[in-house]
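# For reference, the sequence and a predicted model appear below.
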Amino acid sequence: MPNFNRVILAGNLTRDPELRYTPKGTAVAKITLAINRTWRDESNQTHEEVTFVDVDVFGRQAETIAQYLKKGRPILVEGRLKYDTWEDKTTNQKRSKLGVVLEGFQFLDSGQGRENAGAPPDAASRPSRPSSAAVVMPPPPAEPEGMPPEEDDVPF
């Protein structure tokens, strides 16, 4: 039977990203998302449920998230579920946690108007594109003399 492990979540950061580096120099960021769900019951009362999800981010994506995101900012993450187990050092009991390992993300707001927002996050996730005024196209190569112009061989 084939396996499939993919998660897509959208939520707000509960705290600023924690950026660290491994001994080999790989960036690792830890973030936590708060994902809200609101619904009405049979008596038309509104209820809200909040789910907190820990997300591990590696490499250049970790550095980008740490640079541009702060507590409260919305983000969409795509990744895979990871089940961690360990033994608690104080109680010697087994503990476990289900989290997400980020494989891709998207900023959900521009961050403009916020304190210490810095550069717009969209600039970090997109390659820079020169303006059309700055683009200079070379002239097309001249056809050698004596050569007939190319004809389309398309039958329709």
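Ah, there it is.
# which residues touch the residue sitting nearest the centre point of the chain?
Geometric centre of the chain, nearest residue: F105, 1.4 Å, by CA atoms, centre = their mean. F105 is in contact with 57, 61, 65, 75-78, counting by CB atoms under 8 Å, 6 or more residues apart in numbering. Using the backbone N, CA and C atoms, a C-beta is placed for each residue, glycine as well.
# now swap in E49 and tell me
36-39.
# Go again with 6 Å.
Going by CB atoms under 6 Å, 6 or more residues apart in numbering, E49 touches R37.
# Can you name the helix or strand that it falls in?
Assessed by DSSP states H and E, E49 sits inside strand 46-58.
# Restricted to strands, list the contacts of F105.
57, 75-78 (DSSP state E).
# Need these in CSV (columns: pLDDT, neighbour count and distance to R20).
Shown next, in CSV, are the ones in strands among the contacts of F105 (pLDDT from 0 to 100; neighbours: other CB atoms under 10 Å; distance: CB to CB, whole Å):
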residue, pLDDT, neighbour count, distance to R20
V57, 97, 26, 11
I75, 96, 23, 19
L76, 96, 14, 24
V77, 96, 23, 19
E78, 97, 14, 22
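# okay, T51: pLDDT?
For T51, the pLDDT comes out at 96.
# Could you find the closest non-adjacent residue to it?
In this structure, T51 finds its nearest non-sequential neighbour in I35, 4.8 Å apart by CB to CB, 6 or more residues apart in numbering.
# how many neighbours does the one you found have?
I35: 13 surrounding residues under other CB atoms under 10 Å.
# what bridges to the residue nearest to the centre of the chain?
V77 (DSSP bridges).
# State the distance from it to I31.
For F105, the distance to I31 equals 10 Å [CB to CB, to the nearest Å].
# Kindly report the same for T90.
Distance, T90 to I31, by CB to CB: 26 Å.
# For these two, work out which one has more neighbours and name it.
Shown here are T90 and I31; by other CB under 10 Å, I31 has more neighbours (28 against 5).
# I'd assumed the more buried one was in a strand, is it?
Yes - counting by DSSP: H, G, I helix; E, B strand; the rest coil, I31 falls inside a strand.
# contacting residues around it?
So I31 contacts 13, 17, 55 (CB under 6 Å, 6+ apart).
# thinking again about what came up before, of the ones in strands among the contacts of F105, which is the nearest to P2?
E78 (19.3 Å; CB to CB).
# Show me which parts of the lengthiest helix in the chain are buried, residue by residue.
When the chain is parsed with DSSP state H, its longest helix is helix 60-68. By neighbour count with 16 or more other CB atoms under 10 Å, helix 60-68 contains the buried residues 61-66, 68.
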